[in-house]
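Engineer: no sequence on this one, just coordinates:
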């Protein structure tokens with residue numbers, strides 16, 4: 001059954017995602033650099049997850065963004081070396097603005113549906129399939 005669209009304020013989780021994503025970009029600005037391939041990958045997957053309403057997946061990717069270099073997966077680092085960079089901070093900011101304007105972050109989450117149990121590898125596998 002379709003329910004009428006009701007405009008509701010963003011949930012605490014969605015607002016936190018927006019703040020965390022913005023803080024990640026601000027951190028890079030403060031360091032005067034673009035994201036490295038790991039960071040770029042995490043931010044682009046987080047953005048895609050937010051746009052799809054996969055907020056838990058976005059949280060996982062934003063946590064991975066903050067992972068110290070020494071704790072990053074050597075296998076993923078090796079795989080990323082063979083991939084060209086795709087997104088700049090400016091592009092990621094534009095993407096976040098688009099998601100926010102489109103309203104994905106302000107859509108209510110259906111409380112009757114539990115969030116999927118996902119990990120970073122599962123998130124990336126899902127999002128890679130859509131590329």
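Structural biologist: Happy to help now that I have it. The structure displayed is predicted, hence computed values, not measured ones.
Engineer: In space, not sequence, find me the middle residue of this protein.
Structural biologist: In the chain, the centroid-proximal residue (CA atoms, centre = their mean) is residue 46; its distance is 1.0 Å.
Engineer: residue contacts, it?
Structural biologist: Going by CB atoms under 8 Å, 6 or more residues apart in numbering, residue 46 touches 17, 21, 57-58, 61-62, 65. All C-beta spots, glycine's among them, are computed from the backbone N, C-alpha and C.
Engineer: at 10 Å instead, please
Structural biologist: Residue 46 is in contact with 17, 20-21, 24, 54-55, 57-65, 92, 96, 123, 127, counting by CB atoms under 10 Å, 6 or more residues apart in numbering.
Engineer: repeat for residue 65
Structural biologist: Residues counted as contacts of residue 65 (CB under 10 Å, 6+ apart) are 20-21, 23-24, 27-28, 35, 38-43, 45-46.
Engineer: Now the buried members of those residues.
Structural biologist: Neighbour-count burial (16 or more other CB atoms under 10 Å) applied to the contacts of residue 65 gives 20-21, 24, 28, 35, 38-43, 45-46.
Engineer: just these now: which is nearest residue 102?
Structural biologist: Within those, proximity to residue 102 (CB to CB) peaks at residue 21, which comes in at 14.9 Å.
Engineer: The closest one - nearest residue in space that isn't next to it in sequence?
Structural biologist: Leaving aside its sequence neighbours, residue 21 sits nearest to residue 96 (CB to CB, 6 or more residues apart in numbering; 5.7 Å).
Engineer: sorry, back to before: can you flag which of the contacts of residue 46 belong to helices?
Structural biologist: Judged by DSSP state H, helices contain the following of those: 17, 20-21, 24, 55, 57-65, 92, 96, 123, 127.
Engineer: Below-threshold pLDDT in this protein: ranges please.
Structural biologist: Scanning the chain for pLDDT under 70 picks out 1-10, 103-131.
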